[in-house]
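> what's the 3D shape of this:
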Amino acid sequence: MPEESAKHRLACAMFADIVGYTRMVEANEAQTLRAFDDICDGLVRSALEQHRGRLIKLTGDGFLAEFQSAVAAVECGTAIQCAMAARETEPHIAFRIGLHLGEITEEKR
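Down below sits the predicted model:
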């Protein structure tokens with residue numbers, strides 16, 4: 001029986017990480033980790049939900065998300081950056097955000 005071909009689709013990936021993460025952790029690891037968790041649990045998840053994004057995974061100092069629309073990804077990234085700039089809590093955290101639009105291959109499970 002011939003194997004089915006892999007499923008391909010267009011998606012926009014968002015990669016984000018904290019600017020100066022190593023320096024911040026060296027200065028106060030517990031505070032930095034707590035702040036990152038709070039940002040991800042609140043601001044990031046909310047922005048992804050509002051812009052129809054899907055969180056793929058959290059990394060030590062960032063996250064990977066997927067969007068079906070490049071426009072939605074840009075709008076989400078802009079919303080996250082604006083909300084981060086408006087935060088008045090310490091430590092001050094800034095995200096570096098990159099987007100990539102391309103065809104992805106879905107694994108069979």
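
> tally of neighbours for residue 72?
If you count neighbours by other Cβ atoms under 10 Å, residue 72 ends up with 17. (Each C-beta comes from the backbone N, C-alpha and C, glycine too.)

> what do you get for residue 107?
Residue 107: 7 surrounding residues under other Cβ under 10 Å.

> so how far is residue 6 from it?
8 Å (Cβ to Cβ, to the nearest Å).

> so which helix or strand takes in residue 85?
Take DSSP states H and E as the rule and residue 85 turns out to sit in helix 70-86.

> how about the nearest residue to residue 69, chain neighbours excluded?
Residue nearest to residue 69 in three dimensions, not counting chain neighbours: residue 12, with 6.7 Å by Cβ to Cβ, 6 or more residues apart in numbering.

> wait, isn't the one you found in contact with residue 65?
No: at 9.1 Å, residue 12 does not count as touching residue 65 under the criterion of Cβ atoms under 8 Å.

> looking at those two, which one has more neighbours?
residue 65 (26 against 22).

> for this structure, what's the longest helix?
Across the chain, the longest stretch assigned as helix under DSSP state H is helix 21-39.

> returning to that earlier point: got any residues that touch both of residue 12 and residue 65?
residue 73 (Cβ atoms under 8 Å, 6 or more residues apart in numbering).

> brilliant, that's me finished.
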